[in-house]
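Peer 1: okay, here's the prediction I keep looking at, along with the sequence it came from:
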Amino acid sequence: MSTLTEAVRTSSTGGTAKSRAKRTRSDSRRAASAYYWMVWPAVIAFAAFHTLPVVVGIFFSFTNYAGYGDWNFVGLSNYANLFRDDRVLQAYGFSFLFAIVATVLTNAISLAIALGLNAKIKARNFFRGVYFVPYVLAILVIGYVFQFFFSNSLPKILSGIPLFADNILTNETWAWTAIVTLAVWQACAFSIIIYLSGLQTIPAELYEAASLDGASAGRQFWSITFPLISAFFTINVVLSLKGFLQVFDPIVALTNGGPGTATESVTLLIFRGGFSGGEFAYQTANAVVFFIVITVISLLQFRVLQRREAEF
């Protein structure tokens, strides 16, 4: 009797295990099917609207296509001509100067503000919201406001200073500083949030122990704060430099590349020449070179800054 009972129990247990295995396989198949139905449309859309245009653009960079009419292959002549084009070289020089200055100012100002907001001050959350407002505003709208400020308000306010007595946007030497001011003002909003996130990961006990040991505020910053937020510093620097190298909207809103071509960035040059200057293939080659430059710089930044993180 007991033997029969055990056999029945074993049989039922085996059946239950088999049914569970079948259900598991069925569920996994349904999950895989749902996964592909969700992923493949996104992959196809990305390929159609991003990868395919990039490939087509690279193809046309080896031609003399003007954006209309017939075209012929010209090999690497577009790429060779870029390095002999003074306007292209000037645009690269301006873009790098602008990006380096704006990156340094953005991170210095953002870190200082984040340290202040992270302290125990009244209405801290309110000020965090206020500092983030520039990031959600349309850059062109802000740009035209700044344009009115630089061209009308500032000359009246600082009429006694020769540099600002006239419209600084028409000054070939200093117009770029107005663009830096606008770009940094908006970019700080996002960088402040990143630095605040990093500062909130630092345990308060470390500062208490450092204070007991007699460490000054500056010593605490260089020995505790900065090493522990170095990863956030890396992210901010890389994103800032990459974004500022591609500056476009602030220039369009303030100077439109002027006076002359003094504030013409690489992206503005590509847009002008490629879409309205009959240089579609030539500026596409410029875009390919610019993409490679930005990629190499970003990788080098990560390599150098992450090595510094490891030293900390």
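Peer 2: Yep, that arrived.

Peer 1: helices of the stretch 101-250 of the chain, residue ranges please.
Peer 2: Remark: helices assigned in the stretch 101-250 of the chain by DSSP state H, counting those that start in this stretch are 124-136, 139-148, 154-157, 162-165, 175-199, 204-212, 217-220, 226-228, 230-245, 249-254.

Peer 1: can you give me the angle the longest one makes with helix 139-148?
Peer 2: In this structure, helix 175-199 runs at an angle of 130 degrees to helix 139-148, with axes from the mean of the first three to the mean of the last three C-alpha atoms, to 10 degrees as the basis.

Peer 1: chain center to helix 175-199: distance?
Peer 2: Offset of helix 175-199 from its chain centre (C-alpha atoms, centre = their mean, to the nearest Å): 12 Å.

Peer 1: list the buried residues in that helix.
Peer 2: Going by neighbour count (16 or more other C-beta atoms under 10 Å), the buried part of helix 175-199 is 175-176, 178-196, 198-199. All C-beta spots, glycine's among them, are computed from the backbone N, C-alpha and C.

Peer 1: go on, the first one?
Peer 2: By neighbour count, with 16+ other C-beta under 10 Å as the criterion, the buried positions of helix 124-136 are 128, 131, 134.

Peer 1: of all those, which comes closest to Phe46?
Peer 2: Nearest to Phe46 among the buried residues of helix 124-136, counting by C-beta to C-beta, is Pro134 at 30.2 Å.

Peer 1: tell me the contacts of that closest one?
Peer 2: Contact partners of Pro134, counting by C-beta atoms under 8 Å, 6 or more residues apart in numbering, are 142, 185-186, 188-189.

Peer 1: of those residues, closest to Phe302?
Peer 2: Once C-beta to C-beta is applied, the member of the contacts of Pro134 that ends up nearest Phe302 is Cys188, at 22.3 Å.
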